[in-house]
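Enquirer: let's see this in three dimensions:
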Amino acid sequence: MELWRLLAHNHWFTIRVLGREVRLCARCSGYVGGFLAAMALHGLMGSQLFISLPVNLQFTVCLLTLLPLAVDWLTQSWGWRKSKNGLRFLTGAVLGTGVFLFSLVDSAHSLKNSFFVLTAVAIAFFGLAGDILDRPF
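Expert: Prediction:
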């Protein structure tokens with residue numbers, strides 16, 4: 001097995017590092033980039049606006065950052081359209097920003113964990129449902 005496949009999944013872009021080609025997953029690269037950018041902005045400017053929101057609105061903002069990625073992935077996995085790496089990178093970056101903001105939510109860890117798991121299960125359910133409905137009978 002080629003090691004780059006662990007980093008590239010199915011949709012990658014290629015960069016050159018020290019004369020070697022490295023393939024990176026477009027969506028995961030966007031996720032890491034968005035997370036790091038949000039962390040840098042937090043370090044430079046703080047997050048008082050986000051932290052001042054009521055906790056239920058903080059959760060809502062975090063959930064909204066998930067929607068672009070979920071819509072892109074679901075419509076692609078259901079065969080409705082083809083996604084492109086630029087869009088994968090962008091939706092990953094938006095999610096990375098949301099995950100950083102999620103880490104700032106001042107809530108019990110059990111509530112945050114439940115929110116995270118329920119969201120992941122819901123998206124996986126819709127993805128599997130689309131896959132099942134797409135199969136010929």
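
Enquirer: hey, let's count contacts and neighbours off CA atoms from now on
Expert: OK.

Enquirer: in terms of helices and strands, where is the residue nearest the centre of the chain?
Expert: Among the residues of the chain, the one closest to the centroid is residue 95, at 3.7 Å (CA atoms, centre = their mean). For residue 95, the element it lies in under DSSP states H and E is helix 85-104.

Enquirer: now that helix: buried residues?
Expert: For helix 85-104, burial by neighbour count (16 or more other CA atoms under 10 Å) applies to 87-102.

Enquirer: elements contacting the helix with the most length in the chain?
Expert: In the chain, with assignment by DSSP state H, the single longest helix is helix 109-134. Using 3 or more CA pairs under 8 Å, 6 or more residues apart in numbering; DSSP states H and E, the elements in contact with helix 109-134 are helix 55-77.

Enquirer: so which bits of the helix it packs on are buried?
Expert: Result for helix 55-77 [16+ other CA under 10 Å]: buried residues 58-59, 61-63, 65-66, 68-70, 72-75, 77.

Enquirer: likewise for stretch 37-50?
Expert: Neighbour-count burial for stretch 37-50 flags 37, 38, 39 (criterion: 16+ other CA under 10 Å).

Enquirer: ok, so of these, who is nearest residue 49?
Expert: residue 38 (13.5 Å; CA to CA).

Enquirer: that closest one is in contact with residue 97, isn't it?
Expert: Yes - with contact defined as CA atoms under 8 Å, residue 38 counts as touching residue 97 (5.4 Å).

Enquirer: next secondary structure element downstream of the lowest-mean-pLDDT helix or strand in the chain?
Expert: Least confident helix or strand of the chain, by mean pLDDT, DSSP states H and E, is helix 4-8 with a mean of 46. Using DSSP H and E, the helix or strand that follows helix 4-8 in sequence is strand 12-17.
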